[in-house]
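Asker: Need coordinates for the following:
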Amino acid sequence: MKVYRILALAGGALSFGLYLGGCTVVARPVPPPPPPPVVVQAPAPPMAVQPPPPPMAVQPQPPMTTNVEPPPVREEAMVPAPSPQHIWIQGHWAWNGRWVWEPGYWAMPPRPHARWVPGHWRRQPGGYV
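Answerer: Here you go, the predicted structure:
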C-alpha cells in the first residue's frame with residue numbers, strides 16, 4: 001500500500017484553491033476485472049446418414065390416343081449445355097385435350113451411357129398413338 005502526503009503550500013499556491021493541511025491519501029489497489037465468462041457449447045448431435053433412395057423404375061404408360069393429327073415439330077434453338085454430361089431432350093407436342101408444345105431442355109442422363117430417344121406420334125387405326 002502506497003501512502004501519499006499532500007501538504008498545503010504557504011500562500012495558497014494550490015491550483016484548485018484547496019487547503020489540504022496534512023491530509024493523508026491512501027491509494028487502494030484496483031481489483032482486476034473479472035475474466036470473461038467461458039461459454040461451453042454442447043457438441044452437435046451426430047447427423048443421421050441416410051442412403052440415397054433407390055432409382056425410380058420407369059413405369060410404361062398406356063399409349064395416348066387422339067383423332068387429331070399433331071402439328072409439325074417446331075424448330076428450337078438449343079442454349080449451351082450446362083455441362084458436357086448433359087443431354088438435350090428435344091421438345092415435342094403433347095396431347096392434353098388439345099396439342100400443347102413442351103419445349104426442349106438439358107438434363108442429366110439417369111445412368112451412364114443412357115441415350116435419349118425422342119417420342120413420336122404414329123397413325124394407327126383408331127387415331128394417333
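Asker: The residue lying closest to Gly104 once chain neighbours are set aside: neighbouring residues, count only.
Answerer: Nearest non-adjacent residue to Gly104, counting by CB to CB, 6 or more residues apart in numbering: Gly91, 3.9 Å away. All C-beta spots, glycine's among them, are computed from the backbone N, C-alpha and C. For Gly91, the neighbour count with other CB atoms under 10 Å is 17.
Asker: so Gly91 touches Pro103, yeah?
Answerer: Yes - in this structure Gly91 lies within contact range of Pro103 using CB atoms under 8 Å: 4.6 Å.
Asker: which residues of the protein score low on pLDDT?
Answerer: Along the chain, the parts satisfying pLDDT under 70 run over 1-26, 44-58.
Asker: give me that answer again for 90
Answerer: Across the chain, the ranges flagged by pLDDT under 90 are 1-70, 73-79, 85-90, 93-97, 107-108, 110-129.
Asker: in the chain, which spans are strands?
Answerer: With DSSP state E as the definition, the chain shows strands at residue ranges 2-6, 23-27, 87-89, 92-95, 99-102, 105-107, 123-124, 127-128.
Asker: who's in contact with the residue nearest to Gly104?
Answerer: By CB atoms under 8 Å, 6 or more residues apart in numbering, the contact set of Gly91 is 73-74, 76, 101-104.
Asker: Quick one: buried ones out of these?
Answerer: Among those, those buried by neighbour count (16 or more other CB atoms under 10 Å) are Gly104.
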